[in-house]
Structure formats: structure tokens, C-alpha cells
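Asker: Dropping the sequence and predicted coords here.
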Amino acid sequence: MGMRGPGPLAITRFLQPCLLLLLHQGAAHGYSLIEGLVSHRYAEEPVDSGAVYRYLREMEFHGLVVSQWDTEGAAGPARRIYRITPEGDRILALWMSDLRETGGLVQRLLADYVRHMEKGDDEHHSG
């Protein structure tokens with residue numbers, strides 16, 4: 001069984017707290033959420049719009065967001081507007097608590113790696 005190396009998508013489900021935070025800042029349609037993911041640097045272009053809409057449907061199914069069709073907003077086709085719910089707000093706060101803890105663990109791992117690499121002199125160390 002082979003192992004895949006890490007990459008920018010190694011943190012699974014990270015899109016959910018990003019979308020919840022964007023919706024916490026105000027109701028939005030899917031396209032503006034995709035733009036927000038890029039402008040806040042939560043994702044790089046091209047963003048997988050299918051994944052964004054799957055997450056939005058999943059979060060709506062679980063009561064974290066609600067949506068309704070906006071037929072009066074802009075010219076063109078109707079757009080589904082998403083809003084965070086009180087349950088979504090609660091889950092966002094839990095995500096932030098977990099990410100703070102995870103961030104601390106990541107920082108400790110990175111610091112340990114740097115210290116280890118600085119004092120090593122065998123084939124597995126740089127320098």
C-alpha cells in the first residue's frame with residue numbers, strides 16, 4: 001500500500017469552516033462565496049465549484065445554513081442566497097476552537113522539525 005504525500009488539500013473538510021465564516025459575514029450566493037474563498041486566500045484558483053456547492057447542500061441538510069432563491073436581485077437568472085443559521089454559528093465556533101488547537105500542534109511540529117534539521121549532519125538533513 002503506497003502513501004500519498006501531503007498537499008494543499010491535506011486538511012480535509014477545511015472548506016466548511018471557510019464557507020461558514022464567509023456566511024457569518026453576510027448572506028451570499030455561491031459564486032460570491034467562491035470569489036470570497038480566493039480573495040481571503042482560503043483557496044487558490046481554480047476553486048472546485050462543484051465541491052463548494054456540495055458543501056453548501058450538505059450544510060443546508062444539516063441545518064448549518066439555509067437558502068432561498070433570489071429572483072429580484074441582479075439581472076440574469078435567479079440565484080440561491082445562503083445564510084448561516086444559529087446552529088451554523090455554533091459549529092463555526094467549534095471549528096475555530098479546534099483549529100486554534102490544531103494550529104498550536106502544527107507550530108510545535110514545524111519548530112521541532114527545524115531544530116532537528118539544524119543539528120543533523122547525515123544524509124537525511126540539509127546543510
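Answerer: Yep, that arrived. Just so we're clear, the structure is a prediction, and the values are computed from it rather than from any experiment.

Asker: switch to C-alpha atoms for all contacts and neighbour counts from now on
Answerer: OK.

Asker: Could you check how far the spatially closest residue to residue 96 that is not a sequence neighbour is from residue 84?
Answerer: Leaving aside its sequence neighbours, residue 96 sits nearest to residue 17 (CA to CA, 6 or more residues apart in numbering; 7.9 Å). Using CA to CA, to the nearest Å, residue 17 is found at 11 Å from residue 84.

Asker: and the two? which has more neighbours close in?
Answerer: When neighbours are counted by other CA atoms under 10 Å, residue 17 and residue 84 differ, and residue 84 comes out ahead with 25 against 19.

Asker: Now do the contacts for the nearest residue to the more buried one once chain neighbours are set aside.
Answerer: Of all residues not flanking residue 84 in the chain, residue 65 sits nearest, at 4.3 Å (CA to CA, 6+ apart). By CA atoms under 8 Å, 6 or more residues apart in numbering, the residues touching residue 65 are 56, 59, 82-85, 88.

Asker: ok, now residue 41?
Answerer: For residue 41, counting by CA under 8 Å, 6+ apart, there are no contacting residues.

Asker: Which element, helix or strand, includes it?
Answerer: Following DSSP states H and E, there is no helix or strand that holds residue 41.

Asker: Now secondary structure too, for the contacts of residue 65, in TSV please.
Answerer: Formatted as TSV, the contacts of residue 65 follow (DSSP: H, G, I helix; E, B strand; the rest coil):
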residue	secondary structure
56	helix
59	helix
82	strand
83	strand
84	strand
85	coil
88	helix
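
Asker: Quick check: phi and psi on the residue most central in space within the chain?
Answerer: The residue lying closest to the centre of the chain (CA atoms, centre = their mean) is residue 15, at 2.6 Å. Main-chain torsions, residue 15, degrees, to the nearest 10: phi -60, psi -30.

Asker: before we move on, back to that, quick one: mean pLDDT over the host helix or strand of the residue nearest to residue 96.
Answerer: Under the criterion of DSSP H and E, residue 17 resides in helix 15-24. Here helix 15-24 scores 95 as its mean pLDDT.

Asker: Let me see the contact set for the residue nearest to residue 96.
Answerer: Applying CA under 8 Å, 6+ apart, the residues near residue 17 are 92, 95-96.

Asker: Kindly report the same for residue 66.
Answerer: Contacts of residue 66 (CA under 8 Å, 6+ apart): 60, 82-85.
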